[in-house]
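In: The sequence and its predicted three-dimensional model are supplied below.
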Amino acid sequence: MNGRKKNARREAGERNVEAKIQRAHGSAVPARGQAIDKRVLLEALTLVHDSGVSLSAWVNTPSYEGMSIDLTPQEAIDYANDHDGFLARKFGVSVAELHAWRESEGSYWCHAITKAGKRCRHTVKGTPSRQSYKGVNLNAERDPETWAREDVRIRYCALHGRQS
């Protein structure tokens, strides 16, 4: 199919969704950059979703590939408004735990406090995150809920384990 036909088909689909919204609400869809009523946005996303279009978000994870999560129309709006808050609720962790999970790259860090007053960044021997290949963490915890549950266990690296 050539580019003109694709564009014409896409524009017809856009007009169809716009026409449905206009019939339901008696007004045109706002131009790009203008505020849109959340009820109208949810209805538009629902129409698009129900016509077979998938809604998803790409989530950066500690492992090198990341992951895609499917979203409902309401979840798409929630995600657009607050990425980290939405993901924390979806994964069952706090926003602080989500940030710590990302910062640690899914690894379990030593719980010792350094002279600088910060948590030691050495990984703990014997945890799943210790396997790597060419610098890529193969077993980084992809699930922040599991990571958060395990990270509260007090463990030390080889250096600080001898000092405790």
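Out: Everything's here; your move.
In: Okay, residue 92 and residue 144: tell me how far apart.
Out: Counting by C-beta to C-beta, to the nearest Å, the separation of residue 92 from residue 144 is 8 Å. For the C-beta atoms, the positions are set from N, CA and C on the backbone; glycine is no exception.
In: Neighbour count for these two, which is higher?
Out: residue 144 (26 against 13; other C-beta atoms under 10 Å).
In: any idea how far residue 158 is from that one?
Out: In terms of C-beta to C-beta, residue 144 sits 26 Å off from residue 158.
In: Need the nearest residue in space to residue 49, chain neighbours excluded.
Out: Counting by C-beta to C-beta, 6 or more residues apart in numbering, residue 73 is the residue found nearest to residue 49 once chain neighbours are left out, at 5.2 Å.
In: Looks like the one you found contacts residue 51 (just checking).
Out: No - contact criterion C-beta atoms under 8 Å: residue 73 and residue 51 do not qualify, at 11.7 Å.
In: Pick out whichever of these two has more residues nearby.
Out: More crowded of residue 73 and residue 51, by other C-beta under 10 Å: residue 73, with 18 against 10.
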